[in-house]
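Peer 1: Okay, sequence plus prediction incoming.
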Amino acid sequence: MKEKVIVALSGGVDSSVAAVLAQQAGCEVIGVTLRLKHPDPEFSVAQLCASKNDEAAVESICAKLGIEHHYLELFPEFECKVLRPAAQEYARGRTPNPCCECNYRIKFGKLVEFARSAGAAKVLTGHYAKLSEHGGVYELRRGDDLKKDQSYFLYRLDQAILSMVRFPVGAMDKGKVRRIAAEYGLVTSDKPDSQDACFQVPGESFGETLRRLEKLPRRPGLFRYQGRIVGRHNGVHEFTIGQRKGLNVALGVPAYVAGIDPESGDIRLETEPERLLASRFTVERVSWQSGRAPDLSGELEVQIRYRSRAVPCRVEPDGAGGAAVFPAVPQRAVTPGQAAVFYRGDLLLGGGVIGHAD
């Protein structure tokens, strides 16, 4: 009897090749697509992860491979568990990473739930990450194509989820994935890569889009530089630590956001980039992928945003579910709300949410 597997089909090339590889391996493949589309056209037209083109690509792939397919309607849960908390974080002057929460609370959680109800053994996705098992513990590692590695976004996945998932393209580079898609005549073979943000309204920040979507009030305030008022702004939700563009403040030299006070609405500016450096920062709600805290001695690295490089660090747990992190090299624009993810070499240990930086 063929092993039954679920393949999460997004309409992109990576997930479609995951389906091809599963079929090549002799599996019975069932495609599943999550529908996260906002019911209001004003917002749905700006969604990057739920377009009609994506669904057309999914249906083309399923027809080409001759596989069963299901849509899961999940926007209400997506809004409740991902969009609303993200909007509230922006209102607090923080910059959240909704993808990390969405992967854990919506995408993988619901896919595993569906797989179990369908009697499927595994869930396959097109993520660039690798998974192995040692002594009953599942370990997540960076994908071989480091330019596409997505392990950073998967730090929240726990052992229950990891035991059910596989990443067929994790040991490939993007070029090989596209060649396989082309060999099979898939419509996704030359489709552009998806964007990181789930909404993109031209001329509008992601924080403002979420504020409007969730009907939250603005929190306007003042720009301050060296204690002086140098301008006004329409809301702390539109700014992030290290931001330079869009401030509309004339100081004669480039200015950067160095601090955000959500209570007063004040945004502190600095003109010297070195004042954005932090030699220590805190991390909240730390989760360890093995299910328990690892040995934190020896070589560790921390990555504080998806596009940044991991740097050596020291981690000191605070005994209350958080930790203090001491990077070997001071880090620029450490941003509250972003994910800090810990690695030992290419092995992902866990991560949490950045609290504050010193």
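Peer 2: Happy to help now that I have it.
Peer 1: make it CA atoms for all contacts and neighbour counts henceforth
Peer 2: Fine.
Peer 1: chain center to stretch 229-242: distance?
Peer 2: With Cα atoms, centre = their mean, to the nearest Å as the basis, stretch 229-242 stands 24 Å off its chain's centre.
Peer 1: Please disregard the earlier target; I meant stretch 302-322.
Peer 2: Worked out by Cα atoms, centre = their mean, stretch 302-322 lies 16 Å from the chain centre.
Peer 1: Show residues contacting it.
Peer 2: By Cα atoms under 8 Å, 6 or more residues apart in numbering, the surrounding residues in contact with stretch 302-322 are 152-153, 282-286, 296, 299-301, 323-329, 334, 338-343, 352.
Peer 1: Would you mind splitting this structure into its domains for me?
Peer 2: Per automatic domain parsing, the structural domains of the chain span 4-183, 218-271, 277-357.
Peer 1: okay but Gly180 is in contact with Val17, surely?
Peer 2: Check again: residue 180 is Ile, not Gly. Yes. Using Cα atoms under 8 Å, Ile180 is in contact with Val17, at 6.9 Å.
Peer 1: Sketch out the low-pLDDT regions of the stretch 1-150 of the chain for me.
Peer 2: Low-confidence segments of the stretch 1-150 of the chain (pLDDT under 70): 49-52.
Peer 1: hey, where'd the helices end up in it?
Peer 2: For the stretch 1-150 of the chain, applying DSSP state H, counting those that start in this stretch gives helices covering 13-24, 41-44, 52-65, 75-78, 84-91, 98-102, 108-118.
Peer 1: Next up, phi/psi of Arg314, please.
Peer 2: Backbone torsions of Arg314, given as degrees, to the nearest 10, read phi -120, psi 140.
Peer 1: beta partners for it?
Peer 2: Going by DSSP bridges, Arg314 is paired in beta bridges with Phe326.
Peer 1: Kindly export the strand ranked longest in the chain (C-alpha atoms) in CSV.
Peer 2: Using DSSP state E to define each element, the chain has its longest strand at strand 347-357. What follows is the C-alpha trace of strand 347-357 in CSV, where atoms were taken according to Å, rounded to 0.1, in the frame of the first residue of the first chain:
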residue,chain,number,x,y,z
LEU,A,347,21.4,23.1,13.8
LEU,A,348,18.4,25.3,14.9
LEU,A,349,18.1,25.2,18.7
GLY,A,350,15.1,27.5,19.2
GLY,A,351,14.3,31.1,19.5
GLY,A,352,12.0,33.8,20.9
VAL,A,353,10.8,37.4,20.5
ILE,A,354,13.2,40.3,21.1
GLY,A,355,12.2,42.3,24.1
HIS,A,356,14.6,45.3,24.5
ALA,A,357,18.2,46.1,23.7
